[in-house]
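J.: Sequence first, predicted coordinates after that:
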Amino acid sequence: MTSAQDWDAWAATWTVLGRLFAASPDQDSLDRMRSAELLADWPLPDGERTTEGLALLGRSAARGETAAAVHDDHFRLVRGPGKVKAVPWESVYLSREGLVFEAQTLQVRDFYRRFGLQAPKLNREPDDHISLELEFCGTLLTRALDAVEAEDTDWAESYAQAHAEFCREHLLKWAPEFFKRVELGADTDFYRGIGILGQDACAQVASALAGTTAE
């Protein structure tokens, strides 16, 4: 069984990772994230590669990697020019044709709609971008935590089950490979570390959800 403590840690982790692939951090955000205090407060417990990923973020700071260098790395990894190193859309990994706006994109869109949400650039950019899927997972768990605070256990469990369903049907089917490509393709220690932390987060959540009943 998962708990509110798990949901809190996962929500924080998904939110941080999602923001880092929606856009690269500015210098102040980068410095804060690489500070010893925040590295010590990484939301998830030590997993198989947590220490390795956090150490790379610390080394990024020690080596003086700038926000400009991190921005350039982010651009090469998920935007281009040319063939990107870590394609950020689910359908490219899971569809038969390996293209965007495939069946997986529409399935994700329908999942968002179940909870009154939609992608900000509907019909202009695919709904199954890694940043949007991570943000959605964080939103579901935040709603679960709000329900816990309101002592509404039925709604809390409903949101937690939706998170588990989305992870099983979508996120965990492709995000581990995405984060692996980030690790292997990154030119900065910062995004190399984020790639490792993303893989570790997926592994920890997958392991926890394996002990729950699939809907």
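T.: On my side now, so go ahead.
J.: Secondary structure element holding Ala162?
T.: If you go by DSSP states H and E, Ala162 is part of helix 153-166.
J.: Put the alpha carbons of that helix into PDB.
T.: Extracted in PDB, the C-alpha atoms of helix 153-166 (Å, rounded to 0.1, in the frame of the first residue of the first chain):
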ATOM      1  CA  THR A 153     -10.600   9.500   2.200                       C
ATOM      2  CA  ASP A 154     -12.700   8.400  -0.700                       C
ATOM      3  CA  TRP A 155     -11.500  11.300  -2.900                       C
ATOM      4  CA  ALA A 156      -7.900  10.900  -1.700                       C
ATOM      5  CA  GLU A 157      -7.800   7.300  -2.700                       C
ATOM      6  CA  SER A 158      -9.600   8.000  -6.000                       C
ATOM      7  CA  TYR A 159      -6.800  10.500  -7.000                       C
ATOM      8  CA  ALA A 160      -4.100   8.200  -5.800                       C
ATOM      9  CA  GLN A 161      -5.600   5.300  -7.900                       C
ATOM     10  CA  ALA A 162      -5.800   7.600 -10.900                       C
ATOM     11  CA  HIS A 163      -2.100   8.400 -10.500                       C
ATOM     12  CA  ALA A 164      -1.300   4.700 -10.300                       C
ATOM     13  CA  GLU A 165      -3.400   4.000 -13.400                       C
ATOM     14  CA  PHE A 166      -1.700   6.800 -15.400                       C
END
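J.: For it, give me every contacting residue.
T.: Identification of contacts with helix 153-166 by Cβ atoms under 8 Å, 6 or more residues apart in numbering yields 2, 4, 7, 10, 111, 114-115, 133, 136-137, 140-141, 143-145, 147-148, 209, 212, 214-215. Any C-beta I mention is one placed from the backbone N, CA and C, and that applies to glycine too.
J.: show me where the chain has helices.
T.: Here the chain has its helices, by DSSP state H, at 4-22, 27-33, 36-40, 50-62, 67-78, 90-94, 103-113, 130-149, 153-166, 172-185, 189-209.
J.: For Pro120, which of these is the nearest?
T.: The minimum distance between Pro120 and these falls on helix 130-149, with 8.1 Å, by Cβ to Cβ.
J.: rewinding a little: put together TSV for the helices of the chain, with distance to Lys121 and mean pLDDT on each row.
T.: Below are those laid out as TSV (distance: least, Cβ to Cβ, whole Å; pLDDT from 0 to 100):
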stretch	distance to Lys121	mean pLDDT
helix 4-22	12	97
helix 27-33	23	97
helix 36-40	30	96
helix 50-62	30	97
helix 67-78	15	98
helix 90-94	16	95
helix 103-113	12	94
helix 130-149	10	98
helix 153-166	20	97
helix 172-185	20	98
helix 189-209	23	97
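J.: Tabulate those helices (TSV), appending mean neighbour count.
T.: As requested, the helices of the chain are exported to TSV (neighbours: other Cβ atoms under 10 Å):
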stretch	mean neighbour count
helix 4-22	20
helix 27-33	14
helix 36-40	11
helix 50-62	18
helix 67-78	19
helix 90-94	21
helix 103-113	17
helix 130-149	21
helix 153-166	18
helix 172-185	20
helix 189-209	23
